[in-house]
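J.: Below is the sequence, then the predicted model.
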Amino acid sequence: MSKSADASRNGRPLLSPYRFIAGFGVVSLLMDIVYEGALAVQGPLLASVGASAVTVGIVSGLGEATALGGRAFTGPWADRTRRYWVFAIAGYAVTAVTVPLMGLAGSVLAVSFLVILERFGKSLRTPSRDTLLASAASSVGVGKGFALHEAIDQMGAIIGPLLVAWILAVTAHNYAPALGVLLLPGALAICVLMLLRRRVPYPELFEEAPRRPSPPRGMPRLSRPFWLYMVFAFLSCSAVATFGVLSFHMVRHEVVDEAWVPVLYALAMAVDAVSAAATGLAYDRVGVRSLYALPVLAIALPVVAYQSTLAGILVGVVLWGVITGIQESTMRAVVADIAPRESRATAYGYCAIALGLGALAGGSVSGWLSAVSIPALVAYTAVVQLLALGVLSRVSRSLRSLAH
């Protein structure tokens, strides 16, 4: 029997932590082509089958509520069963199948069902995916590990919307081929994921004191610093606009033509990737103090992003990309450090709820205030982000106390 076969049989990883993280990055890249490609045209797709603006809002809201709220159940479920690979593979498979079908669905009800089902797939896989990644990242530096994953991931977020936009342009807005072609990257993602599962059946063995895990009788409690960190996560996101609000402003004020919005989104995703890499490395050096930049950048965002000049809009898009990169990489890395290994999926589920509720508040309030008073929006952002800074300071002190 070969050494590789023997290692695989005994559960030992056949990939280095870096290769495992990079492999998961490729999975996320391919699946982001699928998901982000569909997300970029979700509104127009629903409109093409007769949906009203209210219906589009309800469906997108239900979808995100499913994606975020579902993690409160799928995270603990994965921790109890320890079947992280099963949850990850099933969640990715749901997205790979549902997105191509959206282009063939011919009714509001059918498209809406597929949109919400796809978001359920997101809730199914994400806590388990992040738990698997955290095990490998813990052995190389969680900040660096999650930054590497996010940097590769975001390439798909750039490619997907541009690919779908190009196919729609050459097919006279035919959604069947535009979304149908996404079956290919989805299938490739599942193949890479299955290969990773075969090569690294137990990512927990990347960490110190390796052992093949068995289902615990009781999971460790999440600590006080963790719950303080959830408050920070909510506050910091509740005063940051969504890209939808920013793009609505730039188009409504005729600063940017509607056709250029996907290009600006792709620019933000490119900045996101660079930001994730830089802040991930900073986190491994200085810990949660690297997140002090997040509230400061968020305060600056409405000052520039709601101007009526192209320069202001571009600076705002870049700032939004930097903020998003921090949220999607470094904020995930912190959870890996402050949550017990046996409860990581649960912790990531709660973190998703905090970030999701914050994003809902941020999008709603910024959308309302941007139409009423930009100075009021700037003031609201400053107050909330200063509160977030105060909570983050308490998190930092609590972690130092535990360390001593």
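T.: The structure has been received and is ready for your questions.

J.: Where in the chain is the helix or strand with the lowest mean pLDDT?
T.: Least confident element among the helices and strands of the chain, by mean pLDDT, DSSP states H and E: helix 3-9 (a mean of 48).

J.: tell me which residues in the helix or strand that comes right after that helix are buried?
T.: Once the chain leaves helix 3-9, the next helix or strand it forms, by DSSP states H and E, is helix 17-40. Buried residues in helix 17-40, defined by neighbour count with 16 or more other Cβ atoms under 10 Å: 17, 20-40. In this view, the C-beta of every residue, glycine as well, is placed from N, C-alpha and C.

J.: Report the rounded mean pLDDT for helix 17-40.
T.: Taken as a whole, helix 17-40 has an average pLDDT of 92.

J.: what does stretch 101-110 give?
T.: Mean predicted confidence for stretch 101-110 is 92.

J.: quick one: that stretch to chain centroid distance?
T.: Remark: stretch 101-110 is offset 25 Å from the chain centroid, using Cα atoms, centre = their mean, to the nearest Å.

J.: Please point out which parts of that stretch sit buried.
T.: L101, M102, G103, A105, V108.

J.: Might you report the residue contacts of the first one?
T.: Contacts for L101 (Cβ atoms under 8 Å, 6 or more residues apart in numbering) come out as L114.

J.: That one: which element?
T.: Short version, using DSSP H and E: L101 is in helix 84-102.

J.: Now the helix or strand just after that helix: buried residues?
T.: Counting by DSSP H and E, the element after helix 84-102 in chain order, helix or strand, is helix 108-137. Under the neighbour-count criterion of 16+ other Cβ under 10 Å, helix 108-137 has 108, 111-137 buried.

J.: where's the helix or strand that helix 108-137 is followed by relative to the chain centroid, distance-wise?
T.: For helix 108-137, the following helix or strand on the C-terminal side (DSSP H and E) is helix 142-170. For helix 142-170, the separation from the chain centroid amounts to 12 Å (computed by Cα atoms, centre = their mean).

J.: now swap in stretch 189-196 and tell me
T.: 20 Å.

J.: Alpha carbons of it, as CSV, please.
T.: Taking Å, rounded to 0.1, in the frame of the first residue of the first chain, the C-alpha atoms of stretch 189-196 are listed here in CSV:
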residue,chain,number,x,y,z
ALA,A,189,-16.4,23.6,-7.7
ILE,A,190,-18.1,20.4,-6.5
CYS,A,191,-15.3,18.3,-8.1
VAL,A,192,-12.6,20.3,-6.4
LEU,A,193,-14.5,20.1,-3.1
MET,A,194,-14.8,16.4,-3.3
LEU,A,195,-11.0,16.1,-4.0
LEU,A,196,-10.3,18.3,-1.0
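
J.: sorry, back to before: now the buried residues of stretch 101-110 in a markdown table, with distance to F234?
T.: Shown next, in a markdown table, are those (distance: Cβ to Cβ, whole Å):
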| residue | distance to F234 |
| --- | --- |
| L101 | 34 |
| M102 | 31 |
| G103 | 36 |
| A105 | 35 |
| V108 | 33 |
